[in-house]
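Chemist: The following block contains a protein sequence and its predicted model.
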2 protein chains.
Amino acid sequence: MEQTPARLTAKPSWLLGQLAVHAHRLASDGFGGVGARGYHYRILAALDEFGVASQAELGRRCSMDRSDVVAAINELAEQGLVERTPDPDDRRRNMVTLNTAGERQLRRMDRALDKVQDDLLGPLPAEDRQTLTRLLTQLLTHHQRGEYRLPEAVPPVTSRPRRTRRHG
Amino acid sequence: MEQTPARLTAKPSWLLGQLAVHAHRLASDGFGGVGARGYHYRILAALDEFGVASQAELGRRCSMDRSDVVAAINELAEQGLVERTPDPDDRRRNMVTLNTAGERQLRRMDRALDKVQDDLLGPLPAEDRQTLTRLLTQLLTHHQRGEYRLPEAVPPVTSRPRRTRRHG
DNA sequence: TGTGTATCGTTGGCGATGCCAATGTTGGAG
DNA sequence: CTCCAACATTGGCATCGCCAACGATACACA
């Protein structure tokens, strides 16, 4: 491996990003083996843990955009892992249900993902794994403060401006 | 924020991935303010630290694919931040050079990125920051073992199979 | 010297994730 | 009844990572 700029290797954001790439690769390989991807796992897990839910709820619980939930549910339903039925009590909503095949798939993905954690944490002793998990949880919690806040006063005018390419 | 499945929040790979998303958002915002993106920073940093290089070298140093280096250099050159000249000693190669405008841009991005680290590490005391950095570095190093290894014996037949969508 | 292999830059393409805007429907508050 | 909010859907885009194929060039070795 040729040398990587110290400007990069010294930055937590770089370490985090690159390590996340490795983690994602491991997970993708595991999921790919059962014909799924990350979004599918999130939704199956949320359904298993909290039961039937609307797509909007799933999106909030899984940190996914509504439109991405639509696509993922399409795929899961196509594979017969979940069912999407209109909610009779609120006709705007769909009720998404995990079925038996979905539970089986979830268990498969669980096993794959457990192996991923081991590969990912590789050489780290148990204590370090715990420390790392604690620090990451702490930071993630910090950065999630205020997400999905109820619309209080005026909807803020400052939406993050779309980054537009200046070239190419 | 609605509840996130424990299956997710308990997994280091999830924490890592989600936190990386936040980090990427912070960095993108900072870079976007100066009309750049992550790939540009990597290349400018590598050029500043190691001097003129071929595109292939840049790719290896920055963990980027050759083809992505081409695109990034196109953009950087278009903005007048680097120069791309054929290498007279090896006509397969281009020599990529950082120029003054590029150095200025790099300094701007450095400042933006420094702020990102602070935002990212948010509430963490110095000691925890150091611990986190150490653990991440350790893991990243572990997962990079054997990347870009020289072609020793037979090139292994087992390339990671392309994950192909089974639906949609 | 010639031939085969490796490297290099380039083009073109794809998947995964994270977003956003617009649209039409429906619920609910006032 | 009206207006606003939430919902599902469609369609689009940016970033990042990656791969295959191509033609040009360098190089090792027979």
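Modeler: Structure received.
Chemist: roughly how far apart are residue A:37 and residue A:75?
Modeler: With the distance defined as Cβ to Cβ, to the nearest Å, residue A:37 ends up 9 Å from residue A:75. In short, each C-beta sits where N, CA and C put it, glycine included.
Chemist: And the residue of chain A closest to DNA strand C?
Modeler: The nearest approach of chain A to DNA strand C comes at residue A:38, 2.4 Å away (Cβ to the nearest atom of the strand).
Chemist: Touching, that residue and residue A:30? I think so.
Modeler: No. When contacts are counted by Cβ atoms under 8 Å, residue A:38 is not listed as touching residue A:30 (10.2 Å).
Chemist: sorry, back to before: neighbour-wise, which of residue A:37 and residue A:75 wins?
Modeler: Legend: neighbour count by other Cβ atoms under 10 Å in any protein chain shown for residue A:37 and residue A:75, higher for residue A:75 (21 against 16).
Chemist: Next, give phi and psi for the more buried one.
Modeler: When read as degrees, to the nearest 10, the backbone of residue A:75 gives phi -70, psi -40.
Chemist: Likewise for residue A:13?
Modeler: According to degrees, to the nearest 10, residue A:13 has phi -60, psi -30.
Chemist: That one and residue B:113 touch, don't they?
Modeler: Yes. Shown here, residue A:13 and residue B:113 form a contact pair, counting by Cβ under 8 Å, at 7.1 Å.
Chemist: Quickly list what's touching both of the two.
Modeler: residue B:27 (Cβ atoms under 8 Å, 6 or more residues apart in numbering or on different chains).
Chemist: Any part of stretch A:103-123 near DNA strand C?
Modeler: No. For stretch A:103-123, no contact with DNA strand C is found by Cβ under 7 Å from any atom of the strand; the gap never falls below 11.5 Å.
Chemist: How about residues contacting that stretch?
Modeler: By Cβ under 8 Å, 6+ apart, the list of residues contacting stretch A:103-123 from outside reads A:22-23, A:26-27, A:30-31, A:33-34, A:36, A:40-41, A:44-45, A:48, A:79, A:81, A:98, A:129, A:132, B:7, B:11-13, B:16, B:138-139, B:142-143.
Chemist: ok, residue A:10 - how many residues close by?
Modeler: Residue A:10 has 12 nearby residues by other Cβ under 10 Å.
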